[in-house]
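could you work out the structure for the sequence below:
(chains A, B, C and D)
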There are 2 protein chains.
Amino acid sequence: MQLAVEVNESALTERQKDVLDAALALLVEAGDTLTMTSVARRASCSKESLYKWFGDRDGLLTATVQWQASKVRGVPLDPEAFGVASLTSGLQRFASDWLHVISGNISVALNRVAVGHAGSDKHDLGAIVLENGPFAMARRLKPLLELGRDRDLLHFEETDEAFRTFFGLVVRDVQIRLLLGDRLELTDATIERDSIRATQQFLALYGAQTKAAEGGH
Amino acid sequence: MQLAVEVNESALTERQKDVLDAALALLVEAGDTLTMTSVARRASCSKESLYKWFGDRDGLLTATVQWQASKVRGVPLDPEAFGVASLTSGLQRFASDWLHVISGNISVALNRVAVGHAGSDKHDLGAIVLENGPFAMARRLKPLLELGRDRDLLHFEETDEAFRTFFGLVVRDVQIRLLLGDRLELTDATIERDSIRATQQFLALYGAQTKAAEGGH
DNA sequence: TCAGTACCGTACCGTACGTTACGGCAATCT
DNA sequence: AGATTGCCGTAACGTACGGTACGGTACTGA
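Numbering: from 1, shown residues only, chains lettered A, B, ... in the order given. Modelled structure (predicted):
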């Protein structure tokens, strides 16, 4: 019980972090079929320690997901000297970052286990991944969008609607295809190109210079 | 072995279809944790029959996914009397249909198991769902898009790019959020509104009357 | 030096579940 | 009628794996 608190407060021993990294590696290799024994063997630790530190298998998975989530904190943006150029590059950089994340092995593996456990879970891995995935993306992006609206560079009613449209333009069918096992190689060049395209499309829909689209209704 | 052939040729007994429907129901209720015993009990059949008909647990899951896929065949469109109105309504109807499908309990459950089994599978449920999900959507939509381009109502270079953009505008973050267990209630009214919005946005990007966006590059 | 702590390695236990085997019953065929 | 087939229901088997117990070792602190 108090162990869960420790995990939440990131009070993780170096040894424990190593164990979670081992669990991550196994999750990438074997998916949800990883066993407590395999984690113990890979991390060269005893099963007793696993249960002592993380409670049970579910606790280990939860700690692993949270451990990975703690690694990918977002970079805050500076609101000084903000113009159409920084808005564009901000969106573009954002799209690129996100595509890199969701196409990574670890993200795919984690989303797979979270999807598999969604709903029927005490710790609810789905909620955790949701919180550190789409929701975190929204929290990071919305300030940028609203700053753009304040500067009269963007037009939209609901920030959430604008965000979700951008999400769609960026992610498209990439994530679901990767999760379903489609061999979809995203090179850096492809991601770069897609980020530019998505940003341009978003600006075409919500940019101030365009009256063509009324996105909201 | 010959049983797999039977399944592919849809040579399913009524009894077997009932069994697969029971399996579907259990899949919706319990996810991938459904057991052979539970299926047998729900369908009032013997386990011996399950193994005789479907080989093993994996075969049963595969047959279940294919059985559901066979139910949702797409409706072909008529290429006569085609104008901007029918293009718009076609896209809109398409978006609405797709949102209804992916937000349904069965679709969510099937995608969950497929994602969970993706890659490490002999029958590869991921590939099956992929084939009957995004790929089927693409196959159904592309003729409509290309017809629109032929009539000079749409401008795009790659049909696939145009399709994927439409996919993104329609699905956005809905599917991943549902798969991760987010309580996201899509009412008919919401779907209707989103379908219209997605269609309008797509036309703003690729419609002939708009020069604002060059989607391809 | 000796108790206490932390942890590794391994052996062990209980159970759930995939898979197989078998007895019985109803229908169909000869 | 007798044989064959198809299937239900249940019992039984084997195993993988989550979880626990325990002996052994290194370190720390008195």
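
interface residues of chain A facing DNA strand D?
By the rule C-beta under 7 Å from any atom of the strand, the part of chain A lying against DNA strand D is A:33, A:35, A:36, A:37, A:46, A:47, A:48, A:51, A:56, A:57, A:58. All C-beta spots, glycine's among them, are computed from the backbone N, C-alpha and C.

and the closest residue to the fourth one other than its chain neighbours, how many neighbours does it have?
I take that to be residue A:37. What sits nearest to residue A:37 in space, not counting adjacent residues and going by C-beta to C-beta, 6 or more residues apart in numbering or on different chains, is residue A:47, at 6.7 Å. Residues lying near residue A:47 (other C-beta atoms under 10 Å in any protein chain shown) number 13.

now swap in residue A:155 and tell me
Residues near residue A:155, counting by other C-beta under 10 Å: 19.

for it, give its distance to residue A:207.
8 Å (C-beta to C-beta, to the nearest Å).

average pLDDT for whichever helix or strand residue A:177 is part of?
Applying DSSP states H and E as the criterion places residue A:177 in helix A:174-179. Taken as a whole, helix A:174-179 has an average pLDDT of 98.

what packs against that helix?
helix A:84-102, helix A:105-117, helix B:174-179 (3 or more C-beta pairs under 8 Å, 6 or more residues apart in numbering or on different chains; DSSP states H and E).

quick one: residues in contact with the shortest one.
Think helix B:174-179. A:111, A:115, A:118, A:126, A:130, A:133-134, A:171, A:175-176, A:179, B:99, B:102-103, B:108, B:111-112, B:115, B:184, B:186 (C-beta atoms under 8 Å, 6 or more residues apart in numbering or on different chains).

for PyMOL, what selects the buried ones among those?
This is how PyMOL selects the buried members of the contacts of helix B:174-179, with burial counted by 16 or more other C-beta atoms under 10 Å in any protein chain shown:
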select buried, (chain A and resi 111+115+118+126+130+133+134+171+175+176+179) or (chain B and resi 99+102+103+108+111+112+115)
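
endpoints of stretch A:42-57, how far apart?
15 Å (C-alpha to C-alpha, to the nearest Å).

and that stretch, does that touch DNA strand C?
Yes. If you take C-beta under 7 Å from any atom of the strand as the test, stretch A:42-57 does meet DNA strand C, through A:44, A:45, A:46, A:47, A:48, A:49, A:52.

are any of those residues buried, and which?
The buried subset of the residues of stretch A:42-57 next to DNA strand C (16+ other C-beta under 10 Å) comprises residue A:45.

ok, the residue positioned nearest the centre of chain A - contacts?
Centroid-nearest residue in chain A, with C-alpha atoms, centre = their mean: residue A:133, separated by 3.3 Å. By C-beta under 8 Å, 6+ apart, the contact list for residue A:133 reads A:111, B:176, B:180.

residue A:199 now?
Per C-beta under 8 Å, 6+ apart, neighbours of residue A:199: A:88, A:91, A:92, A:95.

can you give me phi and psi for the nearest residue to residue A:25 once chain neighbours are set aside?
Leaving aside its sequence neighbours, residue A:25 sits nearest to residue A:42 (C-beta to C-beta, 6+ apart; 7.0 Å). With angles defined as degrees, to the nearest 10, residue A:42 sits at phi -60, psi -40.

could you measure from the residue nearest to the centre of chain A over to residue A:72?
10 Å.

which residue packs closest to residue A:96, ignoring adjacent ones?
In space, and not counting its chain neighbours, residue A:96 is closest to residue A:195: 4.2 Å by C-beta to C-beta, 6+ apart.

confirm that neighbour sits in a helix?
Yes. Under DSSP: H, G, I helix; E, B strand; the rest coil, residue A:195 sits within a helix.

nearest to residue A:26, of the contacts of residue A:199?
residue A:95 (30.8 Å; C-beta to C-beta).

residues in contact with the closest one?
By C-beta under 8 Å, 6+ apart, the contact set of residue A:95 is A:166, A:170, A:194, A:195, A:198, A:199.

and if we set it to 10 Å?
Neighbouring residues of residue A:95 by C-beta atoms under 10 Å, 6 or more residues apart in numbering or on different chains: A:141, A:166-167, A:169-171, A:191-192, A:194-199, A:202.

starting at the chain centroid, how far to stretch A:111-121?
15 Å (C-alpha atoms, centre = their mean, to the nearest Å).

please read the previous query as pertaining to stretch A:56-69.
So, by C-alpha atoms, centre = their mean, the centroid of stretch A:56-69 is 16 Å from its chain's centroid.

buried residues, that stretch. List them.
Neighbour count says stretch A:56-69 has A:59, A:60, A:61, A:62, A:63, A:64, A:65, A:66, A:67, A:68, A:69 buried, by 16+ other C-beta under 10 Å.

and it, anywhere near chain B?
No. Using C-beta under 10 Å from any C-beta of the partner chain, stretch A:56-69 stays clear of chain B, with a minimum separation of 11.6 Å.

break chain A into its domains for me.
A:2-71, A:84-206 (automatic domain parsing).

what's the closest of these to residue B:26?
domain A:84-206 (12.7 Å).

is that closest one anywhere near DNA strand C?
No. Among the residues of domain A:84-206, none lie within reach of DNA strand C under C-beta under 7 Å from any atom of the strand; the closest is 11.7 Å away.

can you give me the end-to-end distance of stretch A:19-39?
Using C-alpha to C-alpha, the two ends of stretch A:19-39 sit 8 Å apart.

which residues touch the residue lying closest to residue A:144 once chain neighbours are set aside?
Once flanking residues are discounted, residue A:144 sits nearest to residue A:90: 5.2 Å by C-beta to C-beta, 6+ apart. Residue A:90 makes contact with A:77, A:82, A:141, A:143, A:144, A:145, A:147, A:148, A:199 under the criterion C-beta under 10 Å, 6+ apart.

among those residues, name the buried ones.
A:77, A:82, A:141, A:144, A:145, A:147, A:148, A:199.

what degree of burial does residue A:183 show, as a neighbour count?
Neighbours of residue A:183 using other C-beta under 10 Å come to 7.

likewise residue A:189?
8.

tell me the angle whichever strand or helix holds it makes with helix B:188-206.
If you go by DSSP H and E, residue A:189 is part of helix A:188-206. Between helix A:188-206 and helix B:188-206, the angle comes out at 110 degrees (axes from the mean of the first three to the mean of the last three C-alpha atoms, to 10 degrees).
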